Every structure is written in structure tokens, then in C-alpha cells.
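Trainee: fold the following.
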Amino acid sequence: MNFLAHLQLSGDHPDWIVGGFLGDFVKGRLKGQYPREVEAGIQLHRKIDRFTDQHPLLKQCHTLFTPELRRYSGIIVDISFDHFLARHWARYDERELTTFNTLILDILLKPPIPLPDNAQLFLQRMVSRDILLQYRLPEVIPFVLQKTSQRFSRDNPLSHSGEQFVKQYDALEILFCEFYPELEEFARNQRALLAAPK
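Mentor: Numbers count the residues shown, from 1 in each chain. Next comes the predicted model:
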């Protein structure tokens with residue numbers, strides 16, 4: 001899943017939210033270098049990614065794309081699913097998306113720990129481009145995919161994968177709406193397990 005989903009699935013504790021955000025930037029074994037709740041958020045992020053990668057519905061999503069895009073289909077699906085989450089936000093969260101966005105940025109801009117440089121850089125882009133709110137717009141997703149393609153050192157087909165997103169829009173939306181409630185339940189259960197006293 002991408003940033004909006006991870007932030008929404010992190011629960012209400014600010015440190016868990018910071019950990020949910022850091023999950024894509026902190027690699028390797030956690031050894032107590034962060035506060036317990038931040039590490040729990042990172043662990044939850046990793047568990048969500050594993051659950052998502054192994055889920056049959058996500059494997060079905062990957063088959064929607066042309067063979068040249070299959071290697072990158074996980075990226076396309078992650079970004080697409082953030083769009084559908086933003087589009088159907090009221091189904092999954094009682095707060096307005098604009099309210100949630102403000103809350104998240106307030107937390108991430110005043111974290112309990114210094115953010116790694118790569119996370120800080122992305123956060124600056126997230127604020128300047130209003131990414132979490134912009135994801136609601138379907139026309140933004142091809143642009144996001146094109147920008148994502150530029151992060152790779154070698155040529156890749158992501159730069160024109162927006163055409164496939166548009167072509168498979170309805171099928172992706174159906175699969176998202178079937179999958180996300182399962183992911184929410186999984187995340188709730190994992191938050192309870194990770195929060196339990198050791």
C-alpha cells in the first residue's frame with residue numbers, strides 16, 4: 001500500500017502514525033533505536049505490506065497489466081489504491097479527508113524523533129504538492145506514475161503506465177473495494193497484537 005493507506009491504517013496514536021510513515025524509509029532490523037510506539041508503527045507498516053503482497057486479490061490486480069509492466073505492477077497498484085481510498089474515503093473513515101490531512105501533517109511536521117533525510121525530503125514534497133488530497137483526482141495518478149518512474153536509475157515503462165491505469169480503472173476500483181475492508185480488519189488485529197504488553 002502507499003502513503004495514504006498506511007497513514008489511515010496506523011490508528012490514532014501520533015507515534016504509530018510517524019512509524020507508519022517511516023515504514024518506507026527505515027530498513028533493516030529494529031533494535032530499539034526509536035520509541036516503542038514508533039517502532040510498532042514501522043512493524044505494522046511492514047506487516048501490511050506483506051499481507052498485501054501475498055493476498056490473492058492483489059495477485060489478480062497484477063494480471064490486469066501488460067507483460068512489460070508486470071514487474072512494476074505493485075507500484076501501480078499501490079498508487080492506484082491510494083486514489084481509490086481517497087475517492088471513497090467516507091466509507092473507511094469518519095473524518096473528512098481534509099481534516100485527516102491536516103492532522104497527519106501536524107503530526108509529521110512535529111515528530112518525536114528527527115526524521116531520516118529521505119523521509120524529510122518526501123515530507124516536504126508531500127506538503128508542497130498537497131499529495132494526500134491530490135490523490136482524489138484520477139487525472140493526477142498518471143502524473144504521479146510518471147514522476148515515480150524518474151526515481152529509477154534505468155529506463156522503465158512506468159512513465160507511460162498511466163494509460164494502463166485509465167484502461168483498467170473500473171477493474172482496479174472493484175478489486176480495491178473488495179480488498180480494503182479485509183486490510184482494515186487485518187490492521188486492527190495487528191495493532192492490538194503489537195500494542196499488547198510484552
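
Trainee: CA only for contacts and neighbour counts going forward, please
Mentor: OK.

Trainee: can you tell me how far Lys147 is from Asn156?
Mentor: Here the criterion is CA to CA, to the nearest Å. By it, Lys147 lies 12 Å from Asn156.

Trainee: do Leu133 as well
Mentor: Here Leu133 is placed at a distance of 27 Å from Asn156 (CA to CA).

Trainee: Asn2 - nearest residue in space that isn't next to it in sequence?
Mentor: Setting aside the residues directly before and after it, Asn2 is nearest to Asp78 in space (CA to CA, 6 or more residues apart in numbering), at 5.0 Å.

Trainee: need the pLDDT of that neighbour.
Mentor: Note on Asp78: pLDDT of 93.

Trainee: any idea which element it lies in?
Mentor: Taking DSSP states H and E as the criterion, Asp78 maps to helix 73-87.

Trainee: I'd like to know which elements that helix is packed against.
Mentor: Helices and strands touching helix 73-87, as assessed by 3 or more CA pairs under 8 Å, 6 or more residues apart in numbering; DSSP states H and E, comprise helix 3-9, helix 56-62, helix 140-149, helix 169-195.

Trainee: what comes into contact with it?
Mentor: Residues external to helix 73-87 that are found in contact with it (CA atoms under 8 Å, 6 or more residues apart in numbering): 1-5, 61-62, 65, 92, 97, 132-133, 135-138, 141, 144-145, 161, 165, 172-173, 176.

Trainee: for PyMOL, write the selection for the buried entries among those.
Mentor: PyMOL command restricting the contacts of helix 73-87 to the buried ones, with burial defined by 16 or more other CA atoms under 10 Å:
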select buried, resi 1+2+3+4+5+61+62+65+97+132+133+135+136+138+141+144+145+161+165+172+173+176
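
Trainee: pull the helix or strand with minimum mean pLDDT from this protein.
Mentor: Among the helical and strand segments of the chain, the one scoring lowest on mean pLDDT, DSSP states H and E is helix 140-149, with a mean of 90.

Trainee: that one: which residues count as buried?
Mentor: Applying a neighbour-count criterion of 16+ other CA under 10 Å, one finds Ile141, Pro142, Val144, Leu145, Gln146, Ser149 buried in helix 140-149.

Trainee: residues contacting the fourth one?
Mentor: It refers to Leu145. The contact partners of Leu145, taken as CA under 8 Å, 6+ apart, are Ile76, Ile79, Leu158, Ser159, His160, Ser161, Gly162.

Trainee: cool, and the third one?
Mentor: Under the criterion of CA under 8 Å, 6+ apart, the contact list for Val144 reads Ile79.
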